[in-house]
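# Predicted coordinates and the sequence they were generated for:
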Amino acid sequence: VKFNNCAGNKGVRYETNSLDFKVRADGTMYAAHHMQMPSKQLILMVTAWDPQTLGRWEAIVRFLVAEKLQHNGHKPKGRKTVPGELAQQQSDTLLPWRQHHSANGLRRQKRDWVIPPINVPENSRGPFPQQLVRIRSDKDKEIHIRYSITGVGADQPPMEVFSIDPVSGRMYVTRPMDREERASYHLRAHAVDMNGNKVENPIDLYIYVIDMNDNRPEFINQVYNGSVDEGSKPGTYVMTVTANDADDSTTANGMVRYRIVTQTPQSPSQNMFTINSETGDIVTVAAGLDREKVQQYIVIVQATDMEGNLNYGLSNTATAIITVTDVNDNPPEFTTSTVICVGECSPPCAGFPGCTTPRIQSLPCNGVAWQQKAVGDGTPHAMCTCVLTHSHFDFSQPRGHREKMQLFAAAVDYEMNRAFMLTVMVSNQAPLASGIQMSFQSTAGVTISVTDVNEAPYFPTNHKLIRLEEGVPTGTVLTTFSAVDPDRFMQQAVRYSKLSDPANWLNINATNGQITTAAVLDRESDYIKNNVYEATFLAADNGIPPASGTGTLQIYLIDINDNAPELLPKEAQICEKPNLNVINITAADADIDPNVGPFVFELPSVPSAVRKNWTITRLNGDYAQLSLRIMYLEAGVYDVPIIVTDSGNPPLYNTSVIKVKVCPCDENGDCTTIGAVAAAGLGTGAIIAILICIIILLTMVLLFVVWMKRREKERHTKQLLIDPEDDVRDNILKYDEEGGGEEDQDYDLSQLQQPETMDHVLNKTPGVRRVDERPIGAEPQYPVRPVIPHPGDIGDFINEGLRAADNDPTAPPYDSLLVFDYEGSGSTAGSVSSLNSSSSGDQDYDYLNDWGPRFKKLADMYGGGEED
């Protein structure tokens, strides 16, 4: 084979896809060993690659195997073949159907040899269709033969991957092949005559797709998790990573090799692990795994095909997370002795604001195993047992912080102890790993120095309870509620004040805490709960910073008989005849036993009618019944006084008045409607009077309605009281034009009137109009006089006419809102400056006094000329 890379072929190497053939550096191909060729054709793939530029070139080489001569040294009998024709035939032609000679002449031997497989490289760039081989029968010289192929890739899906020229028998591939999609094809070649009759038996064709390195290795997982114990020896197995290559695993294209790219962190060595290049097993390669220093390693693993050749192989990477598991190889230990300063908090103040049980700061317990627990190791190796040598303190380990221990003091009081010496011992619960020569426990000395702080005053008796009777007068001294300051070495003063006094009944002395009453204490008040009144007081010192404490005073009030009993109900109802029903009475007292029942019920002797008409019967200590004594009592409302007395010492009594309604009842003992009215306190005469008043009121309303309807009817039927000729409504009429007055008849006013024709209007210049022209537009609707007038309509008619005239744009004067243009010179009417009144003497207007009150104003203005 010849190859030229345009650079002198320096360093170019050759390879084949067959182990039976090799290529020398000069391109000479040779057989690697002795072998027997089973077919007359062999197709190989030769690859030339440049290690420097990583360039790859491929070519297909087809070998034609020559047929050996027979042992007798004679050529096979039959048709003579021209050497040139034989070379052409052997170059691209297969003769699957061969003829053999015998003593009897020619005879056909069916499929006496096997057609070699046809190799097609994948991902070929064409051009397509690309010829693969030519198939022909030696009968094509005698008859016309048509060739065809069948099978997957021809007439079965995938369709038309291969095709054949039916005349020449040349078979083609029509598109690039993908070995990973399908690695081989099995076709059958057929030869028939022009009539479709079989000339030769079908022959099998096997087509193999030659693999190319077009797929990268793919890891099964992108992240692999493994673990290894700390302190493991080199060679300890950790995990296995696996990558698959879709290429042919029997060639270098699918042979994957592994290597470790990076390791994070690179402590204590950058090569703590190694990997088997073929199996992917990761093992430790160095000692020094320590979980207390490095808890986890992240290893990047690379998989490369072409047997790991990084120059022309394809690669992929995955992540391996290796967790270092803990073993108990470190006992707990204290780093140093500790001196702690803590503020005091004496026991008496525990539970009050600003003072709690002291929590002494954490003691460092920096053993390595304790640190493992702090980061959530989850193993028992970090569990330690701590022992204190002082019973005054206790300890605990915070959740998630096993490397520390917190001390708690039951009571730390500066006035009692100013310093404590403790010894803390810690030991591992689990045994140490084999080979660890260290003590399993550690001790530390702890000095606790107590500092004096300002503690809040406290009340020794809290809550304090006192008992007294209710009703004590204002200013009575009840008790002294004083507090104690625990700071004996501080000279401080305590001041008292009220913090809570709901009823404002108490006062406290600010200096000594003496409690006095500010009002009368009443056990029956709403501020009393279970006979107890509760108030809270504050005691504060003057320290820096100041501190305060609270105390609660409870006053138990003893009941006295200071409330008279009351009767219930306040109102009742009973029938006017006895023995039908009674009134049940209940006595109630705000006091408590023994100042309540049993109660005594009795009727007063004054007035005498009470005992005459009523009787009371006691049922038990709290209940009684009131009923009629006489056989009949007139219906009405009666005030029945009843005297009720309690059993207190001294006893109290009260006269309660019950309003009793006496009414007629039906057979069921219920008051009737009339009886209920009568029971309200109205007699028969009063009821009749009320009914008569109601009837009169209804009659007046009916008469008023009838009168209103009649008046409305009269407005439409009654004639005017005056002559229609004198109706003043005739004075408001609409006129289109008006002539002169009575004294102006001597003048010709026709020139001022509207002309008879409209020629002057039609021929007028636009925008110019005469002042005596009536505007053209819709006329307003003036009110129409009723057919049958009524005097009440006169005012409405005048107002409606006046409103219509004011809103009529066609009513004179026409020139009220006109804009005049130039009208030219001259006038057809001439001058009117000579117009004057027809009378030159004084006019007598005294007749205006005879026209009535409407013309009185004019008569006053113009009448009586002599006086003017």
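Received it, and whenever you're ready, just let me know what you need. Just so you know, these numbers come straight off a predicted model, no measurement behind them.
# Every contact and neighbour count from this point should use C-alpha atoms.
Noted.
# Need the CA coordinates for stretch 244-263. PDB is fine.
Taking Å, rounded to 0.1, in the frame of the first residue of the first chain, the C-alpha atoms of stretch 244-263 are listed here in PDB:
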ATOM      1  CA  ASN A 244     -18.500   0.200  28.800                       C
ATOM      2  CA  ASP A 245     -17.500   1.000  25.200                       C
ATOM      3  CA  ALA A 246     -20.100   0.400  22.500                       C
ATOM      4  CA  ASP A 247     -17.300  -0.400  19.900                       C
ATOM      5  CA  ASP A 248     -16.100  -3.900  19.200                       C
ATOM      6  CA  SER A 249     -14.600  -5.300  22.300                       C
ATOM      7  CA  THR A 250     -12.500  -7.800  20.300                       C
ATOM      8  CA  THR A 251     -10.600  -4.900  18.800                       C
ATOM      9  CA  ALA A 252      -8.600  -2.100  20.300                       C
ATOM     10  CA  ASN A 253     -11.600   0.200  19.600                       C
ATOM     11  CA  GLY A 254     -13.500  -1.400  22.500                       C
ATOM     12  CA  MET A 255     -10.600  -2.300  24.800                       C
ATOM     13  CA  VAL A 256     -10.900   0.100  27.800                       C
ATOM     14  CA  ARG A 257      -8.100   0.900  30.300                       C
ATOM     15  CA  TYR A 258      -8.400   2.900  33.500                       C
ATOM     16  CA  ARG A 259      -6.200   5.300  35.300                       C
ATOM     17  CA  ILE A 260      -6.400   7.800  38.200                       C
ATOM     18  CA  VAL A 261      -6.200  11.500  37.100                       C
ATOM     19  CA  THR A 262      -6.400  13.400  40.300                       C
ATOM     20  CA  GLN A 263      -6.800  12.800  44.100                       C
END
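# change the start of the numbering to 417 and stick with it
Yep, numbering from 417; the last one is stretch 660-679 now.
# which ones are touching residue 1035?
Neighbouring residues of residue 1035 by C-alpha atoms under 8 Å, 6 or more residues apart in numbering: residue 1041.
# Which stretches in the stretch 667-816 of the chain count as strands?
Counting by DSSP state E, counting those that start in this stretch, the stretch 667-816 of the chain has strands at residues 673-680, 689-691, 697-700, 712-720, 731-741, 754-759, 775-780, 800-804, 809-812.
# cool, and the stretch 867-1016 of the chain?
880-885, 893-896, 910-916, 922-924, 930-933, 948-957, 964-974, 982-984, 987-991, 999-1004, 1016-1018.
# Describe which strands the second one pairs with in its sheet and in which direction.
Using DSSP bridges, strand 893-896 pairs in its sheet with strand 930-933 (antiparallel).
# Now the strand it pairs with: average pLDDT?
What strand 930-933 shows for mean pLDDT is 90.
# what sits up against that strand?
889-898, 921-925.
# give me that answer again for 10 Å
888-898, 912, 920-925, 969 (C-alpha atoms under 10 Å, 6 or more residues apart in numbering).
# Same check on stretch 628-635?
Contacts for stretch 628-635 (C-alpha under 10 Å, 6+ apart): 433, 474, 537-540, 594-596, 657-664, 667-673, 717-722, 728-735.
# just the buried members of the residues you listed?
Using 16 or more other C-alpha atoms under 10 Å as the burial test, the contacts of stretch 628-635 include 433, 474, 537-539, 594-595, 657-664, 667-673, 717-722, 728-731, 733-735 as buried.
# report the longest helix in the protein, please.
The longest helix of the chain (DSSP state H) is helix 1100-1133.
# what packs against that helix?
Judged by 3 or more C-alpha pairs under 10 Å, 6 or more residues apart in numbering; DSSP states H and E, helix 1100-1133 is in contact with helix 1089-1095.
# The helix it packs on - what's its average pLDDT?
56.
# one step back: for PyMOL, what selects the buried ones among the contacts of strand 930-933?
Provided next is the PyMOL selection string for whichever of these are buried by 16+ other C-alpha under 10 Å:
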select buried, resi 893+894+897+898+912+921+922+923+924+925+969
